[in-house]
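> pasting the structure only:
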């Protein structure tokens, strides 16, 4: 059959057997076993190897050390919002190359192919435990979650939608900072999003900011830290400049846990550190507490 000729072959990763030398012609040589690629995942913090399906069931939290691995925007929406009724905003918007930055247009195409996303943020309206909410969910998979003109515009429009519809706003942040390929146009998004949040606040809107690992640069210096309630996942690193830059500037060694969620909580930069498995319930409790069943 022709379909047999073009059938996609399964990829395999080869790992050494636990039994040294057994069934081998060379003394001390480890026989190799083939395991389907993607079947196992390795924790980047503790090195534990786990079944990928089990890791997904555990919301990509390492069962051994509790390390919170990165989720993309789609995964985050799936585990946070109710399964039905999500209305995505501005899905047609994509970045262009306003400054003719060398290689930028090509990189945008590559990032879209690699991540399966059109930009570093997905915005829209859905429900969380029955409460209507506006959400903006960033994804590190696309250009390291950097904020360019489109990211800033989509988030601003989401804030404006929350203002007009009198609904609470939840933003999940993760970012490497402003997108340098758009220069000042990227930096302008810090002021634009902050101004939109100020107008939202004047109308009495509730904004919950959820900070995930990592959140740095212009995103951390703007909307990520402006929540009425600021929450972070355990171990999430966030701040404006990175550890190395700060240490080189002040010429001092920083604490090992510097810029982690726990460090920032202890120093008054956060309201809560919430485990990923408890995040949905925590958000639902906050919405219920603010009596938002029928709007703001």
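Structure received. It should be emphasised that the depicted structure is a prediction, and the values quoted were computed from it without experimental measurement. Residues are numbered from 1 along each chain as shown.
> Please count neighbours and contacts with C-alpha atoms only from this point.
OK.
> how about stretch 40-56: buried residues?
41, 43, 50, 54, 55 (16 or more other Cα atoms under 10 Å).
> Stretch 69-82 too?
Result for stretch 69-82 [16+ other Cα under 10 Å]: buried residues 69, 70, 71, 72, 73, 76, 77, 80, 81, 82.
> Endpoints of that stretch, how far apart?
End-to-end span of stretch 69-82 (Cα to Cα, to the nearest Å): 22 Å.
> again, but for stretch 173-182
Taking Cα to Cα, the first and last residues of stretch 173-182 lie 20 Å apart.
> Averaging pLDDT per element, find the lowest-scoring helix or strand in this protein.
The helix or strand of the chain with the lowest confidence, counting by mean pLDDT, DSSP states H and E, is helix 2-5 at a mean of 41.
> Check what contacts stretch 261-274 and list those residues.
229-238, 257-258, 282 (Cα atoms under 8 Å, 6 or more residues apart in numbering).
> let's go with 7 Å and repeat that
The contact list for stretch 261-274 (Cα atoms under 7 Å, 6 or more residues apart in numbering) reads 229, 230, 231, 232, 233, 234, 235, 236, 237, 257.
> same deal with stretch 76-89?
The contact list for stretch 76-89, computed with Cα under 7 Å, 6+ apart, reads 123, 124, 125, 126, 127, 128, 129, 280.
> so the third one sits in a helix?
Meaning residue 125. No. Remark: residue 125 does not belong to a helix; assigned using DSSP: H, G, I helix; E, B strand; the rest coil, it is strand.
> one step back: nearest to residue 113 among the buried residues of stretch 69-82?
If you rank the buried residues of stretch 69-82 by distance to residue 113 using Cα to Cα, residue 72 comes first, at 14.3 Å.
> quick one, strands of this protein?
Remark: strands assigned in the chain by DSSP state E are 12-16, 32-36, 40-42, 49-51, 87-89, 121-128, 131-138, 169-175, 207-216, 229-232, 238-239, 272-273.
> In JSON lines: these, plus mean pLDDT and distance to residue 200.
Converted to JSON lines, these look like this (pLDDT from 0 to 100; distance: least, Cα to Cα, whole Å):
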{"stretch": "strand 12-16", "mean pLDDT": "47", "distance to residue 200": "51"}
{"stretch": "strand 32-36", "mean pLDDT": "57", "distance to residue 200": "50"}
{"stretch": "strand 40-42", "mean pLDDT": "91", "distance to residue 200": "42"}
{"stretch": "strand 49-51", "mean pLDDT": "92", "distance to residue 200": "44"}
{"stretch": "strand 87-89", "mean pLDDT": "97", "distance to residue 200": "18"}
{"stretch": "strand 121-128", "mean pLDDT": "98", "distance to residue 200": "16"}
{"stretch": "strand 131-138", "mean pLDDT": "97", "distance to residue 200": "12"}
{"stretch": "strand 169-175", "mean pLDDT": "98", "distance to residue 200": "9"}
{"stretch": "strand 207-216", "mean pLDDT": "97", "distance to residue 200": "8"}
{"stretch": "strand 229-232", "mean pLDDT": "98", "distance to residue 200": "14"}
{"stretch": "strand 238-239", "mean pLDDT": "94", "distance to residue 200": "24"}
{"stretch": "strand 272-273", "mean pLDDT": "98", "distance to residue 200": "22"}
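> Quick one: mark the members of the buried residues of stretch 69-82 that sit in helices.
Among the buried residues of stretch 69-82, the members falling in helices (DSSP state H) are 73, 76, 77, 80.
> Make TSV out of the residues you listed and add pLDDT and distance to residue 156.
Below are those laid out as TSV (pLDDT from 0 to 100; distance: Cα to Cα, whole Å):
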residue	pLDDT	distance to residue 156
73	96	17
76	97	20
77	97	19
80	97	21
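> ok, these vs residue 178, which is closest?
Out of those, the member with the shortest distance to residue 178 (by Cα to Cα) is residue 73, at 18.2 Å.
> which residues touch that closest one?
For residue 73, the contact set (Cα under 7 Å, 6+ apart) comprises 121, 122, 137, 138, 139.
> Over to residue 231?
Listed by Cα under 7 Å, 6+ apart, the contact set of residue 231 reads 209, 210, 211, 270, 271, 272, 273, 274.
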